[in-house]
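1. sequence and predicted structure, then a few things I'm wondering about:
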Amino acid sequence: MELWELLDDTGRPTGDLHPRGEAMPPGTFHAIIGVWTIHRRLKRVLITLRAPEKVICPGKWENTGGSVIAGESPAQAASRELREETGLATSPEALQPLAVIQNGQVFANCYINYTDIPQDGIRLQPGETVNYRWASLEEIDALIAANRFAEPEIIQYQTCRPYLHEALAAL
């Protein structure tokens, strides 16, 4: 059973643990992560297509993301989720923090990850993702406009887009 550390409205741990999948107590929050992986040579951002059997946003495009498990830092969770969902091995220290966004009952900790792997070097996680692509910001904008991007990640993207644009322009 996956446990989350409950957070207060400022994002600080309350000391209470909560099982994933159960309704969270009112006024509590939990931490999630969002990673925007930038391919240095391609100057594109990695997005993955959610598996059709997923309960939330099946068949929609998204960035790498997931919940912070009790005992993990957000950066450790981001490193773990990258490895699980894409096969990319990145240390927590290599991730560049972008923003922390409070939305609903979550605090989303967003990061940039840079990579130089071969363009076809992504390994998808069965049951989670079924496809991937290296997309420009304009392509992501078009997916959002066409309602083909996962709704929960749109706020992350809109918040992080200026930083992603700057990071891509600097390559």
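-> Received, thanks.
2. where along the protein do the strands fall?
-> Remark: strands assigned in the chain by DSSP state E are 3-7, 13-19, 30-39, 44-50, 61-62, 64-67, 96-103, 106-115, 129-135.
3. list the buried residues for the first one?
-> Think strand 3-7. 4-7 (16 or more other Cβ atoms under 10 Å). (Each C-beta comes from the backbone N, C-alpha and C, glycine too.)
4. tell me, how many residues neighbour E62?
-> By other Cβ atoms under 10 Å, 23 other residues sit near E62.
5. pretty sure it contacts Q156?
-> No. Counting by Cβ atoms under 8 Å, E62 stays clear of Q156, with 9.2 Å between them.
6. hmm, back to that, which of the buried residues of strand 3-7 lies closest to T115?
-> W4 (28.1 Å; Cβ to Cβ).
7. wait, which of the buried residues of strand 3-7 is closest to V130?
-> W4 (26.3 Å).
8. could you dump the strands of the chain into CSV with mean pLDDT and distance to A146 added?
-> Putting the strands of the chain into CSV (pLDDT from 0 to 100; distance: least, Cβ to Cβ, whole Å) gives the following:
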stretch, mean pLDDT, distance to A146
strand 3-7, 97, 32
strand 13-19, 96, 35
strand 30-39, 98, 20
strand 44-50, 98, 13
strand 61-62, 98, 10
strand 64-67, 97, 20
strand 96-103, 96, 22
strand 106-115, 98, 23
strand 129-135, 97, 13
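9. could these go into CSV alongside distance to L88?
-> As requested, the strands of the chain are exported to CSV (distance: least, Cβ to Cβ, whole Å):
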stretch, distance to L88
strand 3-7, 24
strand 13-19, 28
strand 30-39, 7
strand 44-50, 8
strand 61-62, 15
strand 64-67, 8
strand 96-103, 14
strand 106-115, 6
strand 129-135, 11
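10. which of these sits closest to R148?
-> strand 61-62 (5.8 Å).
11. out of everything not next to it in sequence, what's closest to R133?
-> Of all residues not flanking R133 in the chain, I47 sits nearest, at 6.0 Å (Cβ to Cβ, 6 or more residues apart in numbering).
12. the one you found: neighbour count?
-> 25.
13. contacting residues for it?
-> 61-63, 132-133, 135, 140, 143 (Cβ atoms under 8 Å, 6 or more residues apart in numbering).
14. relative to A70, how far out is it?
-> Distance from I47 to A70, counting by Cβ to Cβ, to the nearest Å: 28 Å.
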